[in-house]
Structures are given as C-alpha cells and as structure tokens.
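*Asks:* below is the structure, and that's it, no one-letter string:
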C-alpha cells in the first residue's frame, strides 16, 4: 500500500507500503547532536525523513534553538501538505509585515497558506511578526488548529493539573495535553510565554500528525458485538497463520556468535525497543532504537531504518516485551504464512525474512542493572517480592460461554495486514508506558487475593494442556500460545469486558506472543504476566527455567553507551586479557571471540519453544 498525507490526513492508496511527502522520499540517517538516546530523537528523525524539517550544513539539528513564527508556518503547511507550487495572495497579502518581497516562497507563500488554512492569525494590529519566536502557548494554539477533528475533546471535568494558563490559549493547551501532544512541568506550570524549541516543536507536530493519521485510518475499539465482525476475523486469520509458524526466541550466545565473527553478511539487524534513555545507558553495538510504542507508526510510515529483507532480532527489557514487536514484524513481513510453512517443512529457503526475540532481552546480554527498570531482573525480582510462590491448582480446563467480541470503527483500508499494524498501534498506545503492558506476579496475586471478585482478571494460561492440568494459576483457562489467534477454538472464550486479561506462559515469552495477538484483535485489556509461571511459582510443573538466572543464563557482552570506547560493530571487539582466572564460572567470557560453554543448567521440563 502507498500511504500519502493530504490535508493533514494520511490517505491510503493502492500499491506498496510507502510514505511520501509532497511526492518526495527522504532518508536521513542521523544528526550529530540528536543521538539515539535524545528525548526527541524519534520525532525529529520522523519529520526529517518526511521532508518536513531539515538540519544545518554542519550536520546538526540544534534541537534547543528557538523556532520563529514563519518557520512554524512552513512546518505546519508541509506537515498537513497544504503547500502548492503557486504563490498565494501575491497581490493581496494577508499581513503587512510579510510580503512577497520578504521572500518567496519562504516565508511569504507558507505564511499565506498557513493563514488560509486557519492555523495562524495576526496580532491586534494585524501583523504576523514572522521573525518573532513562537511561544509555548502560541504553539499549542496552532497545533490544535492544524489537528482539527483528529483531536478529541477533553471531558468538561478533566483535571489538566496546570496552574498558569492564559485565557487566550487555555482551551487549546488543555486539549493538546488531553491528546498527549504536550505536557507541563513537574511543578504544575506550563510556562506559556517561554519560547518553544525545535525539539519540542518536532515532538508536538509529529504526534499531531500521528493522531491525524489514525483518525483517518480507523480501527479504534468501539465496544463489543455479539458476533465476530469480518475485520476481526480477517485479522485473526492472518495472525493465526503467522503465530502458528512458531517463531519466538533466539539464544543470546547464538546472536553474539553472528555479531562477533568477521562476516557481516550473517549479522541480524538488532532492533532495540526500550525507551531512549535506557537505550542510551547501554545497548548492543550497532542496534537501532525504536521504542515499542512507536514501532507500529514507524512501520506505517515505512521508517527507512527498519529493513524489510533482513533477519531481525528484537532486544527489549525482559524478552517478552520483544515478543510484542516480533509478532508485529512477522505479521507485516510474512504476507503468506502458508508459503513460509511449506518452505520450512521442505527445508527450502524461506520466502520471507523472520523476526526473533533475544531470549530474556537485555537481562541476558549483560549483568548491568541499569538496562531494565529497577528490581526487575529475575533474581532481583525474587528478592523484591515481584516474583512469588503463588498458589497452584490442578485439573481440567473449564471454559466460560463464548463471546462477546471486540468491535472496531471502520477501517480506511481493507488489507488485513495493514489493519493489523493499525490495531497494533492502538493497542500498544492504550497504556501510558510500554511497561504497563505487563502485570507483575505480585500484582496479580494481590488482585486475586483481595476478596473482591469484581476486580479479578481473567487469567489465561498459554502453556501446554499437560502442564495446565498438572498445575495452573487458580481459575485460569487455557489458550495455547500457538493457537492464541484461533477464534473458533480458543480466542472466543476471552472476555473483552473484564477489567484485565492476564496471560502467562513459562518464562514470559510465549505469553508476550499471545498478549500481543489478543491486543491486536481488540482485547486491549490484555496484559502479560512478567516471567510467566517462573514468576508465579518456579516449582510448578514445566517451570524453573529461570532459576539461578545470572549464573546460568546471563552473559557479559559489550555495550555501547556513548563513551569513547563504543564499537561500530562487535566484530571490532578485542576481548580483555587476564579475566579468565577469576571469571571462569560466568557465562559471558569471550576468549579469541569464541563463546565458552556455560555450565549446564538444571534439568527442567521442556518449555514448548520458549528458548
């Protein structure tokens, strides 16, 4: 499909998935002063690759510089594709201080187009003040005007929490905050008369464009229906085919061996889906950072950083969150799951590249505690009480009545694969932060044990039938992970009206696969139990894979963190000498670029493809 913005909205045309702006394609690798860990990196790169903003000749973007009103007019006109080749109002200028002689097409024509679109008005004297810096209050006004009907109105009693809003911009600032476009400062102020910076403008414009795109594309969850709709069934059918291929984790040592050798042709593309600040604290050399909640939009915009023809390994916090990204990537790139399955069975070259997940995410790549939220590495989570010894019950599955089913607003596209990407964006952004797509085992226990059945989640085991019958979380139903999008047999028993659907597996990974599938299909109340049954009770049948995690599963591979010692690739790594004597029992020591065999892990039941 070809995606093209028109009048602030993204129109969907026939063809390949491509985003064009004003008929041109742009590919900007980076700016010297906007590293991957920068607060506005994603938004700046998105607008740069769309041809809406540019950097300077010295390779910088200067995100902290102020934005002039005439520059803002040009940005908004390009963002909403209101610019035309013809010069507007040359004989009858709207503003006496912005004339054709001031500069054509910039700034005169862009200012005229912005005024014609209703984005800008003059001051009390009718002046535009093109060289004045735009303030935060003015920025909120013009962004809300450009966003139009794509922005939702806040409830009348919504508490915006801001204390210093000027009358002329109060409604716009509140509306922009309600739609997630802007925020205030920790002290509750908005500081409306401070100047807006290039970085802040990029963030706000990019988010406004995303909202406009999604308003056009549809697929919002609207409630439930007694019967499954056609779009729901088409989405589920494609997901069922892709998930049934069984793609999941790849071992950390296997990834390292490919990256450490001198053959770049076999290197996977490393996609790090953590938040930029965590990525900046340490990441796999060569990795590209696209936070999980930004990934679907990046795919809709065909972000040039994401390859469509390479093996992708997702590096995330704990691994199971990487499965959310993996499901999306495989659903987009494997357009014919049956052909992929046929080739795999015949041991022939696969027609489509695959995505996999780094087993247990960055917790298995490095011992560095700063790479994940505090106290959430498995052994730290044990000590903090996040990982528990929860109650188990044995026995057969008891299912509720089937239905109802999630219902969506009308899609602007008919292709189920694009609908999946749209639905993925909506689900991933249905929570404030990507980590909110999880529930800790201790939190689940608290909900189940509080003597208030009204807030009990619907608990869903995605493990095997044998392991379910041998021991499961009390009250759970069974939806095997490979069948997590099989509506006819299993998914019909999910309850979209429950306060939460809590899915769990063995180590968290296949629970992540199932949870993402549920969310895409409209069960936006789905959450994945961190560490699965290992988090609930590692003594359960088929559990125990993560015991002694730091010793048995964690490596100590190099990280890039912005220092002078960062590596362009792991092939350039020179292992330190003299470490082996003290560290022979650790699993992450490299000697001449060969991985030493880790000590054997204790025997556990097979984990159904968990690692």
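*Replies:* Thanks, I have the structure now. From a predicted model like this one, the values you see are computed outputs, not experimental measurements. Residues are numbered from 1 along each chain as shown.
*Asks:* and stretch 176-185, average pLDDT?
*Replies:* For stretch 176-185, mean pLDDT is 93.
*Asks:* check stretch 236-244 too.
*Replies:* For stretch 236-244, the mean pLDDT works out to 98.
*Asks:* please apply the same query to stretch 347-362.
*Replies:* 97.
*Asks:* for it, measure first residue to last.
*Replies:* 31 Å (CA to CA, to the nearest Å).
*Asks:* same check, this time on stretch 187-207
*Replies:* Using CA to CA, the end-to-end distance of stretch 187-207 comes out at 24 Å.
*Asks:* same thing with stretch 551-568?
*Replies:* Terminal residues of stretch 551-568 lie 29 Å apart, using CA to CA.
*Asks:* kindly report the same for stretch 497-513.
*Replies:* Across stretch 497-513, the terminal residues are separated by 21 Å (CA to CA).
*Asks:* quick one: the helices in the stretch 201-350 of the chain, in order.
*Replies:* Counting by DSSP state H, counting those that start in this stretch, the stretch 201-350 of the chain has helices at residues 230-243, 252-260, 276-281, 292-300, 320-333, 337-345.
*Asks:* show me where pLDDT drops low in the stretch 201-350 of the chain?
*Replies:* For the stretch 201-350 of the chain, no stretch has pLDDT under 70.
*Asks:* low-confidence ranges in the chain?
*Replies:* Short version for the chain, where the test is pLDDT under 70: 1-27, 575-611.
*Asks:* domain map for it?
*Replies:* Listed by automatic domain parsing, the domain ranges of the chain are 19-217, 218-611.
*Asks:* thought residue 166 was touching residue 135?
*Replies:* No - counting by CB atoms under 8 Å, residue 166 stays clear of residue 135, with 9.7 Å between them. From N, CA and C alone the C-beta is placed, and that goes for glycine too.
*Asks:* more neighbours: which of those two?
*Replies:* Shown here are residue 166 and residue 135; by other CB atoms under 10 Å, residue 135 has more neighbours (20 against 12).
*Asks:* can you tell me how far the more buried one is from residue 193?
*Replies:* 5 Å (CB to CB, to the nearest Å).
*Asks:* try residue 249
*Replies:* From residue 249 over to residue 193 the distance is 52 Å, taken as CB to CB.
*Asks:* got it, and residue 469?
*Replies:* For residue 469 relative to residue 193 (CB to CB), the value is 66 Å.
*Asks:* between those two, tell me which one has more neighbours.
*Replies:* Between residue 469 and residue 193, residue 469 has the larger neighbour count (other CB under 10 Å), namely 14 against 11.
*Asks:* residues near residue 115, how many?
*Replies:* By the criterion of other CB under 10 Å, residue 115 has 21 neighbours.
*Asks:* list the contacts of it.
*Replies:* By CB atoms under 8 Å, 6 or more residues apart in numbering, the contact set of residue 115 is 73, 94-95, 121, 128.
*Asks:* repeat that with 7 Å
*Replies:* residue 94 (CB atoms under 7 Å, 6 or more residues apart in numbering).
*Asks:* also residue 513?
*Replies:* So residue 513 contacts 243, 248, 323, 327, 481, 484 (CB under 7 Å, 6+ apart).
*Asks:* next: residue 77.
*Replies:* Counting by CB under 7 Å, 6+ apart, residue 77 touches 83, 110, 113-114.
*Asks:* quick one: which helix or strand includes it?
*Replies:* helix 69-79 (DSSP states H and E).
*Asks:* list the buried residues for stretch 67-85?
*Replies:* Burial within stretch 67-85, assessed by neighbour count using 16 or more other CB atoms under 10 Å, is assigned to 67-83.
*Asks:* hang on, the earlier thing: from the contacts of residue 513, which two are the most distant?
*Replies:* 248 and 484 (12.2 Å; CB to CB).
*Asks:* the more surrounded of these two?
*Replies:* Neighbour comparison, residue 248 and residue 484: the larger count goes to residue 484, with 29 against 25 (by other CB under 10 Å).
*Asks:* hmm, residue 243 and the more buried one touching each other?
*Replies:* Yes - using CB atoms under 7 Å, residue 484 is in contact with residue 243, at 6.1 Å.
*Asks:* which neighbours do those two share?
*Replies:* Residues touching both residue 484 and residue 243 by CB under 7 Å, 6+ apart: 513, 517.
*Asks:* and of the contacts of residue 513, the nearest to residue 367?
*Replies:* residue 323 (22.7 Å).
*Asks:* near the nearest residue to that closest one once chain neighbours are set aside, how many other residues are there?
*Replies:* Using CB to CB, 6 or more residues apart in numbering and skipping the chain neighbours, the partner closest in space to residue 323 is residue 512 (3.1 Å). By other CB under 10 Å, the residues close to residue 512 number 33.
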